[in-house]
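Chemist: Need a 3D model of the following:
(one chain, ligands or ions: 1)
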Amino acid sequence: MAAGGTQTISLRLLAVGIACSVLPDVDVIGFRAGIPYGAVLGHRGFTHSFVFAILVAALVCASSSSFRASRGTVFLFILVCIGSHGLLDALTTGGLGVAFFSPFSNHRYFLPWRVIEVSPIGIAPFFSRWGLRVLLSELQWVWAPSFVIGFVGCLIHRGERFA
Ligand SMILES: [Zn+2]
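Modeler: Numbering: from 1, shown residues only. Next up is the predicted model:
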């Protein structure tokens, strides 16, 4: 999202956006507490839904006016940060799908292309070879494209400034 340049997205908003992009996974706390994976508040349940994304985006938007951006930009930016989390989870190879339409429907969805190795829940298994495969897979499908988009965005932004 830094592709928009610091004029549109301040560092402060960027930091909040990054925090928001991992926020849906707070549901692993419930998972540890014994809430079943497939429950409304289970992993990839309500916190991965569009309603949750809209609620958090509205909250962030209402809670601070110090982002040096219009409310519309803040709302959209946070919405994309949180929404992309659910979409990326729906691209993974394991677990249950994502409850995009929770709390209205607890149906779990996957996107037609499931290319990202699912992350093991917890730290210990993550350091196994599985963890390594996940990292390589994420590197290829998430970080590489993000880097390219960010880089191209910077170039365009620079071009505008010197035009
Ligand atoms: Zn998730």
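
Chemist: How about I18, nearest residue that isn't a chain neighbour?
Modeler: In space, and not counting its chain neighbours, I18 is closest to C81: 7.3 Å by CB to CB, 6 or more residues apart in numbering. No exception for glycine: its C-beta is placed from N, CA and C like everyone else's.

Chemist: What residues does this structure have near the ion?
Modeler: Neighbours of the ion within the chain, by CB under 5 Å from the ion: P24, D25, D89.

Chemist: Of these, which belong to helices?
Modeler: Counting by DSSP state H, the residues of the chain next to the ion place D89 in helices.

Chemist: Of the residues of the chain next to the ion, just say which sits nearest to V51.
Modeler: Nearest to V51 out of the residues of the chain next to the ion is P24 (CB to CB; 11.9 Å).

Chemist: you'd agree the closest one is up against I82?
Modeler: Yes. At 6.5 Å, P24 and I82 qualify as touching, with contact defined as CB atoms under 8 Å.

Chemist: just to revisit the earlier point, in TSV: the residues of the chain next to the ion, plus neighbour count and pLDDT.
Modeler: Conversion of the residues of the chain next to the ion to TSV gives the following (neighbours: other CB atoms under 10 Å; pLDDT from 0 to 100):
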residue	neighbour count	pLDDT
P24	24	91
D25	17	88
D89	24	89
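
Chemist: Relative to V60, which of the residues of the chain next to the ion is nearest.
Modeler: Distance ranking of these against V60, using CB to CB, places P24 first at 14.2 Å.

Chemist: residues in contact with that closest one?
Modeler: Counting by CB atoms under 8 Å, 6 or more residues apart in numbering, P24 touches R44, T47, H48, F52, I82, H85, G86, D89.

Chemist: Try it again at 7 Å.
Modeler: Taking CB atoms under 7 Å, 6 or more residues apart in numbering, we find P24 in contact with T47, H48, F52, I82, H85, G86.

Chemist: again, but for F46
Modeler: V40, F52, A99, S102, P103.

Chemist: one more time with 6 Å
Modeler: Listed by CB atoms under 6 Å, 6 or more residues apart in numbering, the contact partners of F46 are V40, F52, S102, P103.

Chemist: mind checking how far it is from the ion?
Modeler: For F46, the distance to the ion equals 12 Å [CB to the ion, to the nearest Å].

Chemist: Which strand or helix spans the nearest residue to that residue once chain neighbours are set aside?
Modeler: Take F46 and drop its neighbours on the chain: the residue closest to it by CB to CB, 6+ apart is S102, 4.4 Å away. Following DSSP states H and E, one finds S102 outside all helices and strands.
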